[in-house]
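Participant: need coordinates for the following:
(3 chains, ligands or ions: 2)
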Amino acid sequence: MSIDKSQVKKVAKLSRISLDDKNLDSLSNDLALILKFVEQLNKLDTNNVKPLNSIVDKSLEPRKDQVNDGKIKEEILKNSPDKNEDFFIVPKVVE
Amino acid sequence: MVGKLMQKDKFNYFIKTEKNNWEVIIGLEVHAQVVSESKLFSGSSTKFGGKPNTQVSLVDSAFPGMLPVINEYCIEQAVKTGLGLNAKINLDSIFDRKNYFYADLPAGYQISQYKNPIVGEGEINLDMPYGSKKIGIERLHLEQDAGKSIHDLSPDNTYVDLNRSGVALMEIVSKPDLRSPEEVNSYVKKLRSIMRYLNTCDGNMQEGSLRADVNVSVRKKGETKFGTRCEIKNVNSIKFMEMAIDSEAKRQVELLESGKSIDQETRLFDTKKKETRSMRSKEEAHDYRYFPDPDLLPLKINKSFVENLKKKLPELPDQKRDRYIKKFNLSPYEANVLVSEIDVSKFFEEVIKTADIKLAKNWIIVELFAVLNEKNIEIKDSPVTPKNLAILINQISSGNISGKIAKEVFDIMIKTGSSADKIIENKGLKQQSNPEEIKKIIKKVLDKNSEKVLEYKSGKVKLFGFFIGEVMKISAGKANPKLVNEILKTELKK
Amino acid sequence: MSDLNKSTLTQITNLIKTKKISSLEVTKFFIKNIEKAKKLNTFITTCFEKSLKDAKNFDIKKNYNGLLPGIPLAVKDLFCTKNIKTTAGSKILENFIPAYESSVTNNLWLEGAIILGKLNCDEFAMGSSNETSYFGNVINPIGKNLVPGGSSGGSAGALAANLTPATIGTDTGGSIRQPASFTGTVGLKPTYGLCSRWGIVAFASSLDQAGPMTKNVEDCALLLEAMSGYDPKDSTSINKKKEQYSKNLNENIKGLKIGIPKEYRIDNMPKEIDNIWNKGIDILKKSGATIVNISLPHTNYALPTYYIVAPAEASSNLARYDGVKYGYRSKKGKNLTEMYENTRGEGFGREVKRRVLIGTYVLSSGYYDAYYLKAQKVRKLIKNDFDESFKKIDAILTPSTPSSAFKFGEKTNDPISMYLNDIFTVPVNLAGIPAISIPGGVDNKGYPMGLQLIAKALDEQKILNIALTMEKAINFKNSINRWWEN
Ligand SMILES: [Mg+2]
Ligand SMILES: [Zn+2]
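Facilitator: Ligands and ions are numbered 1, 2, ... in the order given. Below is the predicted model of the structure:
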């Protein structure tokens, strides 16, 4: 498996990263190199191996159902590049 | 247009055209908001209707370095619902990230469950006019709700409110077992009823607590392979679900009969045009890149925890219906009506604590429902309380008022909310049951109509009704009809 | 007054506790050092006004309890700090000011420490040379043209130049241990879950761990004690009692079995590394430990595994940087999607893009099984290797890095050669176990090189004790002449 430019374009689209042609060329090369490197794993037979799902050997510890957060609208909106008193503002979305 | 020829069979819903009978295959992904105080992974409130962005924590708005911590009550609620659906509870489940970009999805991913949901296969029983039918449940998983994008506050911008972001949802996926809009109607109502019995989802569709993605495909009658399906996103009323299915199925049939094929796609139901349309944002195919959320560990549930919940499970609609039939001698239809909503059954059970069962069921199903339907009010907001209805029924049982007077009293109760006793007393509606008094009236009537008495005695027995009418008129309807009947008979024999 | 350029964290702590010096004096000293070291570019943000105020407030206290009484500290700019700009070395967070404090830094302040500022690092901790920071390269105090390692390059550089008496970094694949090795300092990557990740800008959630970076092992034990601890806000945090690493620190390693994994003797490894490693083995033998040759058969697969798992998690973790809630937003673009693309295209540097794209690719439909799932299976095998070994031995000794500090630009055009820097450190992150890097000696150019001690989960005390024993015997002295102050 190797990656071609059209695949990189698709992945960039999925990742929401704009790439100009120059960047597309050089990143495509990088990605192909990296993928070739990681494909070393194919030398290993892992058919009978269970994937690692968690590195910590315990179950999820839940919290109580209590309201103890929120009511920090100013703090939430403060850093936003575009907002008004109540909302985050983004360019128009068309569905 | 084949549209004109399309029609419904009474029991088997097919779309009939000149050439074929088309079967409609429907599967539902219901999103049900979990009843909880706080969100699935944060401590902010889930209350409906708060001011924008006031019920948002740093976790809900995905600030750098923020981490999710799961709400134990939401886990319990999902397990309870699973048990209510007779479903397999998975003691090991995993939370995954579903990755996509959207303005109201602050982290760029939704925490959901993909390969290992908390609840596996189950089923729901539907009572259709043509018999009962089991609808398979594929799975139930826990996930986060997204925020809200508001498109109509500005011409150039979309406004984002994250109050809903992170609220716990149960996604309940049915098998493609549904075959008609009616079945979907019945399925959603039954599912909602079960969750309301369990208090795991309030089922309030106006507030978005219950909404569904509807998967529709069609195939020629007799075929066993499924056709290509379309998913109609986020339909938030049962009526719209029915209309969406109807119009989408017809659209697919038209395409197929004109030799075209169906594109598997996501569509929206346009509530104004009453038809589905393709979503514009579909240009780039979705690729959600699910993978286990490394911020969360696998969720392990104790068997004893599940057993405990099972023991504490309330009586559910189907069990209650069977009990009503057996214990109260109700017809399956009556029992179904009384258990379909937990509030109705609560009302009924409250009334029969002190009143006659047979009268109670009739008064609720016939009189009360007519009024509630007409006025579009929920039974829990009924102006006639269960206690009050019981009083009214007892007045009938004890012979204090007739059924006819009772209806008058009931009308006043609806308008004023005051008690049956008071109305009867104030208006002097109490039934006349003193035989001497009744005898007096009867004598008066017979004296006044001596010719008719002679006619009666010579064989014109139909006049009996006339005498009764006259007696009731004089007593202003209050005379005990049973007594009137008896005394009149003896007096006429004289 | 003692020379604070020669004092350790522990020594300064004692000086302040015994009131031989005030927090304000110490703070002023380090501020002066920082001001004279602009050339090194170790800081992204300083907050001296706050530092001085906090120091004065500390000095008027009656009780100096806490592990870090009045100690000024700078921290990696990956830790969110309340009301102080936090950038993660990225343009996309250039103006981000959190209203919250990370759990780990909060632990430091609760122990009495005072903040000096935020240290440069590779963008989102992605890099091994601190050459990917939007805020420029950090220069290694060892030599003008040398990288300090990464991603905690600013931390290592500031520590080696004595701009902070100790510091904390994060380690996802070696980001504490490799720069420690390159600067002749001590760095420890704790057991996954020992230090809370709450409030740390995430790179790869299943690998990230914060850890101490110090001048010696004694300081390392002290700082680890101060920063670690259970945090219910992090679901992966380990719920156990806090250890007293500094109190329990000792040099008794008699009878311990130390494994030497044959897979870490790689081809073309500089001879000096072998020498330093062998010297370490001798010291351990002389101290009464037993040396055992072991095998960790899947070592060679660690780096490829890491370069699937880490980018996959990163691609998802970095999705939140979209120009909506905080950070940079591009002015270009007609609709939401274009705004996203331009924001992220302009806001992320090249290495970050590389990893986000790789991560997206290995998770995408049709490739998930071949890459991501495969990597999670191999990760299990790598963890099993360690689990098996630690049934027979107490700790493992390896070199920290396959080379000493290299020159700027030397590896920037070849991602793979850059990635190879972490070949000895990455397996530890994949297994979630602790490891410490201590200076082992210098190569023929006089550049420091580290030795790494690895133990099983939660055995931090054991490797600290072994490290202390070795540190005494190696008696490493960093030959830094403070050239940048001229
Ligand atoms: Mg769906
Ligand atoms: Zn869903």
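
Participant: direction included, what does the helix or strand harbouring residue C:292 pair against?
Facilitator: Here residue C:292, judged by DSSP states H and E, is contained in strand C:290-294. Within its sheet, and counting by DSSP bridges, strand C:290-294 is paired with strand C:257-261 (parallel).

Participant: beyond the partner strand, next helix or strand please.
Facilitator: helix C:271-286.

Participant: quick one: mean pLDDT for that following helix?
Facilitator: If you average the pLDDT over helix C:271-286, you get 96.

Participant: tell me which residues in that helix are buried?
Facilitator: Burial within helix C:271-286, assessed by neighbour count using 16 or more other CB atoms under 10 Å in any protein chain shown, is assigned to C:272-273, C:276-277, C:279-281, C:283-284. Placement of C-beta: from N, CA and C, glycine included.

Participant: same question, stretch B:354-373
Facilitator: B:355-357, B:359-361, B:363-365, B:367-368, B:371-372.

Participant: now, which of these sits nearest chain C?
Facilitator: The closest of the buried residues of stretch B:354-373 to chain C turns out to be residue B:372 (CB to the nearest CB; 45.4 Å).

Participant: tell me which element that closest one is part of?
Facilitator: Assigned by DSSP H and E, residue B:372 falls in helix B:369-375.

Participant: and that helix, how far out from the chain's middle?
Facilitator: Counting by CA atoms, centre = their mean, to the nearest Å, helix B:369-375 is centred 15 Å from the centre of its parent chain.

Participant: chain C: strands as residue ranges?
Facilitator: Listed in chain order, the strands of chain C (DSSP state E) span C:43-46, C:72-76, C:114-119, C:167-171, C:186-189, C:209-214, C:257-261, C:290-294, C:395-399, C:435-442, C:448-454.

Participant: partners of the fourth one, with directions?
Facilitator: Yep, that's strand C:167-171 we're talking about. Paired strands of strand C:167-171, defined by DSSP bridges, are strand C:72-76 (parallel), strand C:209-214 (antiparallel).

Participant: between those, which one is closest to residue B:248.
Facilitator: Closest approach to residue B:248 among those is made by strand C:209-214 (51.3 Å; CB to CB).

Participant: next, the angle from that closest one to strand C:114-119.
Facilitator: With axes from the mean of the first three to the mean of the last three CA atoms, to 10 degrees defining the directions, strand C:209-214 sits at 110 degrees from strand C:114-119.

Participant: taking the stretch 51-200 of chain C, what residue is nearest to chain B?
Facilitator: The stretch 51-200 of chain C approaches chain B most closely through residue C:199 (4.2 Å), counting by CB to the nearest CB.

Participant: pull up the per-residue confidence for the closest residue in space to that residue that isn't next to it in sequence.
Facilitator: Closest residue in space to residue C:199, ignoring its immediate chain neighbours: residue C:102 at 2.8 Å, by CB to CB, 6 or more residues apart in numbering or on different chains. Looking at residue C:102, its pLDDT is 98.

Participant: so what touches the least confident helix or strand in chain C by mean pLDDT?
Facilitator: Lowest by mean pLDDT, DSSP states H and E among the helices and strands of chain C is helix C:415-419, with a mean of 90. Contacts with helix C:415-419, where a contact means CB atoms under 8 Å, 6 or more residues apart in numbering or on different chains, come from A:30, A:33-34, A:37, C:127-129, C:303, C:307, C:351, C:354, C:411-412.

Participant: around the residue of the stretch 301-450 of chain B found nearest chain C, how many other residues sit close by?
Facilitator: The minimum distance from the stretch 301-450 of chain B to chain C, using CB to the nearest CB, falls at residue B:301 (15.6 Å). Neighbours of residue B:301 under the rule other CB atoms under 10 Å in any protein chain shown: 20.

Participant: pull out the buried positions in stretch B:430-442.
Facilitator: Across stretch B:430-442, burial judged by 16+ other CB under 10 Å covers B:431-432, B:438-439, B:441-442.

Participant: that stretch: how far from the chain's middle?
Facilitator: 48 Å.

Participant: center of the chain - which residue?
Facilitator: Just so you know, I chose chain A. Centroid-nearest residue in chain A, with CA atoms, centre = their mean: residue A:15, separated by 6.9 Å.

Participant: could you do chain C instead?
Facilitator: Of all residues in chain C, the one closest to the mean position by CA atoms, centre = their mean is residue C:176, 2.1 Å from it.
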